[in-house]
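J.: can't give you the sequence, but here's the structure:
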């Protein structure tokens, strides 16, 4: 039986560099893992007033069920204003509620930050780690995954340069090791 991996991409942009990197990472998982994109762009902003047993938005329920069924979560995100994009933060909030029913609890995670700049999304990577620690998610520590100058490693079809594949594989391999401990 294959292990499902929820892949959450912080960028909602159609031509997202983060999504292109996520696609490259997904190809590198062993055959007994099934990475799958989980949509976050359709989630209404979290509001406890609409998250009631008789009125839960269908998007919340679908999102929660997909992540709940996953063995782990791979986050691939850009940096917005030295932090994570609002859509990704909203997804974290939706998944952490209702109180005491968090879908994130004890679910192993890996974070890859992506940027066209040289800082490589360092701020987003660490801001996301801060939230995941609170959500009680064991997080891959090494290798740290900051991908800078992304436009120089992607070709016109969204594939990474040959020299980058080994680095991406090292991330996936270490993450699989973490997943196998849980």
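T.: Received the coordinates, thanks. Keep in mind the model is a prediction, meaning the values are calculated, not measured.
J.: quick one, longest helix in this structure?
T.: The residue-count maximum for a helix in the chain (DSSP state H) belongs to helix 162-180.
J.: tell me what that one is packed against?
T.: Where contact means 3 or more C-beta pairs under 8 Å, 6 or more residues apart in numbering; DSSP states H and E, helix 162-180 is packed against helix 17-26, strand 72-77, strand 109-114. Bear in mind the C-beta positions are built from the backbone N, C-alpha and C, glycine included.
J.: how about these in a markdown table, adding mean neighbour count and mean pLDDT?
T.: Listed next are those as a markdown table, based on neighbours: other C-beta atoms under 10 Å; pLDDT from 0 to 100:
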| stretch | mean neighbour count | mean pLDDT |
| --- | --- | --- |
| helix 17-26 | 22 | 98 |
| strand 72-77 | 27 | 98 |
| strand 109-114 | 26 | 98 |
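J.: right, and those - which one's nearest residue 8?
T.: strand 72-77 (5.3 Å; C-beta to C-beta).
J.: and the contacts of the longest helix of the chain?
T.: The contact list for helix 162-180 (C-beta atoms under 8 Å, 6 or more residues apart in numbering) reads 3, 5, 21, 24-25, 28-30, 33, 71-72, 74, 108, 110, 112, 138, 140, 142-143, 145, 147, 153, 160.
J.: before we move on, the earlier item: make CSV from the helices and strands packed on helix 162-180 and add distance to residue 43 to it.
T.: Compiled in CSV, the helices and strands packed on helix 162-180 are given as follows (distance: least, C-beta to C-beta, whole Å):
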stretch, distance to residue 43
helix 17-26, 17
strand 72-77, 15
strand 109-114, 18
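J.: nearest to residue 87, out of the ones you listed?
T.: strand 72-77 (9.7 Å).
J.: can you name the residues that contact the one residue sitting closest to the centre of the chain?
T.: Nearest residue to the geometric centre of the chain (C-alpha atoms, centre = their mean): residue 75, 1.5 Å. Contact partners of residue 75, counting by C-beta under 8 Å, 6+ apart, are 8, 10, 88, 109-112, 128.
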